[in-house]
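Undergrad: Predicted model and sequence follow; I will ask about them next.
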Amino acid sequence: MNSLTRSSLRYLIKHPWQFGLSILGIAMGVAIVVSIDIANHSSGKAFNLSMNAVAGKSTHQIIGTSEGIPDSIYFNLRVRDGLKNIAPVIESYVSIPDSGKKIFKLLGVDLFAERPFRDYLSNTGTSIDGELKDFLTGPNSVVLSNGSLAELKMKVGDSLKVFIGGKERTLYISGKITEDERNTSTLENLFICDIATAQELTGKINRIDYIDVIAGSADEEKRLRSILPDGYDLQKSGSRSQTAEQMLEAFNINLQSLSLLALIVGLFLIYNTMTFSVVRRKVLIGTLRSIGVTSNEITTMVIREALIIGIIGTAAGFLAAYFISKYLLIFISQTINDLYYVVSVREIYISPMIIAKGIALGIFATLLSAIKPAREASSVHPRSAMIRSEQESSLLKKVPAMSITGLATIIAGILILLIPTKNIWLSYFGILPIIIGFALLTPVIIILVEKILSPLFKYLFGITGKIASRSIVQNISRTYVAIAALSLAVAATVGVGTMISSFRSTVIDWLESRLNADIFISAPSLVSRRNDAVLSEDLLEKVRALDEVADINFYREIEINQDEKTYHLISSGISQRNHSGFQFKEGEPADAWKRFEEGELLISEPFAYRHDLEVGSMLALKTDNGMREFRVAGVYYDYASDQGLVTMYHTHFKKHWNVKGVSGISAYVKEGFDLNTLKEKIQMLDTDGQQIVVRSFKFLRDTSIEIFDRTFLVAKVLQLLSVIVAFIGILSSLMSLQLERKRELGILRANGLLPSQLFGMVGIQTVMMGLTAGLLALPLGNVLAAILVYIINKRSFGWTMQFDLIPSIMIEAILLSLFAAILAGLYPAYKMSITSPANALREE
Amino acid sequence: MKRLILINVLLFLLSGCESKKDVNKDEGISLSKAMGETSDSSFSKAFEKRRFIFPDDHGAHPDFRTEWWYFTGNLTSEDGKKFGYQFTVFRTALTGIPKERTSAWSSDQIYMSHFTVTDISGDKFYFDERFSRNGNGLAGAQINPFKVWLEDWQIVQSGNDVKFDLPVIEIKAKTDNAEIDFLLESAKPIVLQGDSGLSRKGSQPGNASYYYSYTKLKTDGKIRINGKEFVVSGFSWMDREWSTSALSEDQKGWDWFALQLDDNTEIMYYQLRKQDGSADKFSKGIIVFPNGDTRLLINEEVALSVTDFWESPGRTKYPSGWRLKMPSENIDLVVKPVVRDQLLDVSIKYWEGSVEINGTAGAKQVSGRGYVELTGY
């Protein structure tokens, strides 16, 4: 170890606060980005694994109409056409009430067709270890993996109560599957049963969900397509995973970019720390230079320090990410389950990509932000090393140029944002120049604020106040970075907070106008956003016939898989009363409703955005009788699904799709009748074992808002983490700023400044900095919010939201800045005030 | 006797690791385990002789655990190329008392089928195996019209002609390499095996099967091998057998012979091998004379000796040449496989193949063709 390294190490050890806080800052930044990545990756991986477990070795799936595939089609393909590599599948979900609402996938298969498909069922891999006889002939028999059995604390021969499609069933565990290393995770969420059992458990009598296919060659694929009857499609095996990925794309990008925001804050912090450590050692560096250390060696020394901080910080960040991601994963998978599809994530998955990204961000970004300070250090002239004012005056000279550059950068950012694109990354990229522009404008704003506040502070606090405010400008080379970092962090919380609040009030307004019935009936569902379980049409008639019911609405939602995409189609039995609940973005309401009842479509805003449709466009949909074109009569505002919805009047829907049952019913109470009586009466109806959920308007609205809040919980957590990063940043930079002024303060003390005055001065100064940062954060934060509302969300999800200025969030922001600043000032102020001037003045 | 073992092995194969290990060895699992007493008392058993009624008895007997429709045959093409084939449909019941179910797929009857073609001139052997259930019409057996099928492998009644209580039938089956499509018409009356169709396999009451055969069916049709089609004709042999339990613990396997001699005589003989390799006293056979008369052959009447061996790729030694002497009928035959490797490497391996026969019957020189099955090696 040479003396330079030793000197550098000694510096780091002698300043444990700065050293530690820098590491903490980097660690937090890395932890947030990495944990979001891990959480996203793990939920995606869990979904893919469950898809793979189900898809096995199949290359394609034959998918049918909305109601699946009749048994007879499979019979024809197997027996008449002699196809060998095909296997019937029924998929459903099993929720287990006694196990903390665990969800498993139910997979119904024909063991005799399985061998080429799922190796855990054949004699080549793992095998079903149970009585074949029970599996095939025992009603409600299922087999589970050893792991799942252990998780449920069950054993072969036990029975368990579950819900499938909202109906209670008692399953009998007839066997277990012994896992091997390769498929432990694929099996862990599966209940496997015979195809006959699956039909009985799910009520899908005489039909299956889809047919797995192994088509080894293009010829086989072609032949198969030629055999398939109209209305049946051959789609590639991966397409279901792909659809799922597409569904989550916008959701994931938004999470990732939020995490990047935290990192940007972290970078400011690193830059600040490194600059500071250089500035602080100017005398030392000058001395080193004067005894013959070359400027290259100085650069290397600074870079090496940055590297040490970067490596330790990144390592700590990964460690923290591992724990944070476990919690994030709970929120993220909850959101996916609320909004998109059922996924059960039990494990954390880390990919090399995530590690590479984390390292790149943590270490290389640290090095990058150390380049400028390193260059500054190396250019220190031995003679001028003692004079810091030189640096300050040089920055002051640069302020006009910086401000102009800042404005230009902001304009460039705005131009990027104005580019009409559906690319979310590009839109996010536009935010970066705006942030940098703001940072560049910070010095001029500080000077302006000081000009205004300085007389005020002098008036209020006398000379102490004046010195305090002046010294912010005098130390501007460091204060501006700290203030910019703090304001950016606070702005990020303002931006995200305002966006969420705006979105929330938009959704609440929408819910209140849309849910205008009194009572809502549905089947319990695993995905909150939509009802995968259906109610019988009998129930609909029974509800309609009740004395208390004035009118009803009902709907049936189905998924259509066409062109490797999933469309959500709603068959709507909407009453006239509910028309007012729909706000049209395009289309004249009276005309749209008239055309709707004549068979045209109403589409939601996100659907129109995703598929580039407008009133008058034609949309082709895969009906049970083949492809049919429909005209779009109106585009309505809707926040129920970011995938978008297509709505069709139920009488026309019935002509094209042979779908039975309803997904939801809502009813209006007749005047003079009691709501609760009606609720009780509905609950008393004979539903043939079908569980129903009866909710009042208020309850449904509240649960919907609850889901909304749950969805944004991750964003809020991220917001909080960014605040913590910002807080650490401000703490470290302000603290070092004050610690560094030891000598200056010592002189003041020597000249008669009382410890209490000194305490006050440092306090005033940090408060002022906090205030400046807070004030700066307000415009930036609201600009960020506006970008998120009008550009990012619009482009990600396609919905129009109202934008609200939220005073409470802004007040919180200022308080946050002040709080961080005061806290950061306390320790140095205390330390300074108790230090004897002689000690303070002594050179290090 | 046939492959009673196989269908039961299927249960183990699909249901447990234990049997998986056994199957991977080049030998059968314990016979007594596969074919022994079942604990399920809901099945019917072959305790006593029955009156066979046709066509009903050509159909399935689902109250018995195991049943098969079994065809082997030797054919010659117009240009003199020789072929052998085996097509078998096995049924096994999981329970004697079916449960009420709503799904059309629900099934307590499992079907398995084996299909082989031996290209004697080309020295090639093709085989394939399939499983299915009788749910959703994927496999099954019916009598009116007669049809036994496993997916598109099918035995179906062809027209309304009935010969010796058996309708003229068409057999269709194909694999990636080989395909058959034959018309079969019985040339000789039905043969009731054992004691009027009750074939006892062990000393335990009920350890027996109902067993009848058509020993000579005129066969015409097409064989397609790797895309090349041959118009062929020759004779097939059909066995029908159903039972619930059959074997005793000390029996290890069997060697079964179905021989069609060119003097219009057929001989069936199976030798049950005990664990120690010796012949079980329940081994027996039958001789069918040109006029259709039959005579039961008991174990003591037949001297079977192995003259050659063949070692499988899995290093199992199979007999591959025999001398079959029946002094009581003055018959002395040399039986040789036409292709050495006719091993069915399926769920459980066994050797079953076309053979050629030369020898003497009385003073006359006779030759013929037939099928031999070797299990439990």
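TA: Perfect, I can see it now. Numbers count the residues shown, from 1 in each chain, chains lettered A, B, ... in the order given.
Undergrad: Ramachandran angles for the residue most central in space within chain A?
TA: Compute the mean C-alpha point of chain A, and by CA atoms, centre = their mean the closest residue is A:Leu255, 3.6 Å away. Main-chain dihedrals, A:Leu255, degrees, to the nearest 10: phi -60, psi -40.
Undergrad: pretty sure B:Thr76 is touching B:Ser233, no?
TA: Yes - the pair B:Thr76 and B:Ser233 qualifies as a contact (CB atoms under 8 Å) at a distance of 6.8 Å. All C-beta atoms are positioned from the backbone trio N, CA, C, and that covers glycine.
Undergrad: wait, what's in contact with residue 159?
TA: No chain was given, so I picked chain A. By CB atoms under 8 Å, 6 or more residues apart in numbering or on different chains, the contact list for A:Ser159 reads A:170-173.
Undergrad: Let me rephrase: I mean chain B.
TA: B:167-168.
Undergrad: Just send the contacts of A:Ser159 back as a markdown table, with distance to chain B too.
TA: Formatted as a markdown table, these follow (distance: CB to the nearest CB, whole Å):
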| residue | distance to chain B |
| --- | --- |
| A:Thr170 | 15 |
| A:Leu171 | 15 |
| A:Tyr172 | 12 |
| A:Ile173 | 15 |
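Undergrad: Identify, from these, the entry nearest to A:Leu546.
TA: A:Thr170 (31.8 Å; CB to CB).
Undergrad: can I assume that closest one sits in a helix?
TA: No - counting by DSSP: H, G, I helix; E, B strand; the rest coil, A:Thr170 is located in no helix; its state is strand.
Undergrad: Who does it form a beta bridge with?
TA: A:Lys161 (DSSP bridges).
Undergrad: what's the neighbour count on A:Ser226?
TA: Per other CB atoms under 10 Å in any protein chain shown, the neighbour tally for A:Ser226 reads 7.
Undergrad: what does the stretch 251-377 of chain B put close to chain A?
TA: Neighbours of chain A within the stretch 251-377 of chain B, by CB under 8 Å from any CB of the partner chain: B:Ser347.
Undergrad: Smallest gap between the stretch 251-377 of chain B and chain A, at which residue?
TA: B:Ser347 (7.8 Å; CB to the nearest CB).
Undergrad: right, and the secondary structure at that residue would be what?
TA: coil.
Undergrad: Tell me the strands beside the helix or strand hosting B:Phe87, with direction?
TA: Using DSSP states H and E, B:Phe87 sits in strand B:82-93. Note on strand B:82-93: by DSSP bridges, its sheet partners are strand B:66-77 (antiparallel), strand B:109-119 (antiparallel).
Undergrad: Quick one: classify A:Gly497 as helix, strand or coil.
TA: Applying three-state DSSP: A:Gly497 is helix.
Undergrad: check contacts around it.
TA: A:719, A:781, A:785, A:806, A:809, A:812.
Undergrad: tell me the angle of the top strand by length along chain B relative to strand B:109-119?
TA: The residue-count maximum for a strand in chain B (DSSP state E) belongs to strand B:208-225. Angle of strand B:208-225 versus strand B:109-119, following axes from the mean of the first three to the mean of the last three CA atoms, to 10 degrees, is 50 degrees.
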